[in-house]
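Novice: Please work out how this folds:
(chains A and B)
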Amino acid sequence: DIVMTQSPDSLAVSLGERATINCKSSQTVLYSSNSQNYLAWYQQKPGQPPKLLIYWASTRESGVPDRFSGSGSGTDFTLTISSLQAEDVAVYYCQQYYTTPMYTFGQGTKLEI
Amino acid sequence: QLQLQESGPGLVKASETLSLTCTVSGDSLTSTNYYWAWIRQPPGRGLQWVGIISYSGRAYYNASLKSRVTISLDTSKTHFSLRLSSVTVADTAVYYCARDPLAGQFDYWGQGTLVTVSS
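Specialist: Sure thing, here's the model as predicted:
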């Protein structure tokens, strides 16, 4: 199984500042034949299901604000929130789908103000 | 607008079988564009993929649960189901159903249903 490890487990960022969450996979999730990274990011607010933010490591889902961006390749990935808003307080998860249709998630990163 | 809704008992006794249904509205379970998944989340913890089923009914399961889990598709009634046998308290979780647009990410989720396993 591919193990996904996020860092940090939690972080506090001031409003308007940049937030950075890291995700590392135990093996590459870059598929060489199409040069795609099989990596997604989700946001989960209390009492709600996860919401897809980013897929293919850097493609924003429709309707996701452009302050959210994803980067990285191979085994190391980053979710960046360029200017933190109050509504961004949530737990964020990365997920690999390189081994589709079998998947694994990171343990989550709690983002606070 | 696609909607997914989980339903089933909120309390199950240890050693018994957990059974949940996900009703899908606004889309067809037989569409060749999607797979349909179950994902669970123990209280206060992270997400665990349970399994997934294709439009043709082929299912794939988390290896750690494979001997106990069955996912099935009822296309005539636009729902798919989860059965988890021989449950223990460790199976207590919010269970979500979700859609995979054949790319591997999950773009639509149900609201989730909490299942508590009592000892």
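
Novice: Once you drop chain neighbours, what's closest to the spatially most central residue of chain B?
Specialist: A centroid search over chain B (Cα atoms, centre = their mean) returns B:Trp38, at 2.8 Å, as the residue closest to the centre. Setting aside the residues directly before and after it, B:Trp38 is nearest to B:Val50 in space (Cβ to Cβ, 6 or more residues apart in numbering or on different chains), at 4.1 Å. Backbone N, C-alpha and C define where each C-beta goes, glycine included.

Novice: For the one you found, give me the pLDDT.
Specialist: For B:Val50, the model assigns a pLDDT of 97.

Novice: next structured bit after the helix or strand harbouring it?
Specialist: Per DSSP states H and E: B:Val50 is located in strand B:48-53. For strand B:48-53, the following helix or strand on the C-terminal side (DSSP H and E) is strand B:59-61.

Novice: helices and strands around that next one, which ones?
Specialist: Contacts defined by 3 or more Cβ pairs under 8 Å, 6 or more residues apart in numbering or on different chains; DSSP states H and E place strand B:59-61 against strand B:48-53, strand B:69-74.

Novice: and these, which is most packed in?
Specialist: Burial of the helices and strands packed on strand B:59-61 is given as mean neighbour count (mean count of other Cβ atoms under 10 Å in any protein chain shown); strand B:48-53 ranks first at a mean of 22.

Novice: Point me to the residue of chain B nearest chain A.
Specialist: Closest approach between chain B and chain A, counting by Cβ to the nearest Cβ: B:Gly104, at 2.6 Å.

Novice: ok, how many other residues are close to that residue?
Specialist: When neighbours are counted by other Cβ atoms under 10 Å in any protein chain shown, B:Gly104 registers 24.
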